[in-house]
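[1] Please find the sequence and the predicted model below.
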Amino acid sequence: MFFGLQALLLAFVVIGWLPRVLMDVGGVSRGEAGLLLGLLALLALPISLVVPALAARSGSQSGWIVGLGGCGLAGLLGLLLAPSFSPLLWTVLLGLGMSVFSLALTTIALRARTGQETAKLSGMAQGFGYLLAAAGPFLFGLLHDVTGGWTVPFLMLIGVLVVQIGVGALAGRPRYV
């Protein structure tokens, strides 16, 4: 569930829809929206390389999951409540929140005792996770089309992120499955 929700929210919906949202409500040009999307991806990369190693050293990854989720939540709330105040800040916060992807993969590996168990757990988590995530961009766009605005789709994302943080905190506890 944790893997699927983070993929739905951050990877599929944010990457797919952020430029359009930034242009519609953030007041940025097409070029600026593209640059901000590039920044989001660029920012997530180094953090995704460092955080899993740090999180793996601690007994629990829950704090890291909640912290990165909080960054993503702040970015979503910023885009919902004050989109034109600072599109750059909201994008940076979303980029930090997207770094939870590599942490989700690390958490899978840390919850199994052997390589074979890791492969089985990873196959299950990613198989069901990406199936769940595939519905995200469609639902986000459908909610936008039905309501004619971005508020309801963003409320959906915020709800998904709150659930992601909760199940991620549970998944991050130090235990084996």
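    Thanks, I have the structure now. Residues are numbered from 1 along each chain as shown.
[2] For Leu39, which non-adjacent residue is spatially closest?
    Closest residue in space to Leu39, ignoring its immediate chain neighbours: Thr91 at 5.9 Å, by CB to CB, 6 or more residues apart in numbering. All C-beta spots, glycine's among them, are computed from the backbone N, C-alpha and C.
[3] what's the neighbour count on the one you found?
    26 (other CB atoms under 10 Å).
[4] who's in contact with it?
    18, 22, 36-37, 39-40, 75 (CB atoms under 8 Å, 6 or more residues apart in numbering).
[5] redo that, cut-off 6 Å
    When contacts are counted by CB atoms under 6 Å, 6 or more residues apart in numbering, Thr91 touches 36, 39-40.
[6] so what secondary structure elements neighbour the helix or strand harbouring Ala44?
    Ala44 belongs to helix 30-57 when assigned by DSSP states H and E. If you count contacts as 3 or more CB pairs under 6 Å, 6 or more residues apart in numbering; DSSP states H and E, helix 30-57 packs onto helix 15-25, helix 87-98, helix 100-110.
[7] Residues contacting the helix or strand just after the last one, please?
    It refers to helix 100-110. Next helix or strand after helix 100-110 toward the C-terminus (DSSP H and E): helix 115-133. Helix 115-133 has contacts (CB under 6 Å, 6+ apart) with 3-4, 7-8, 12, 108-109, 112.
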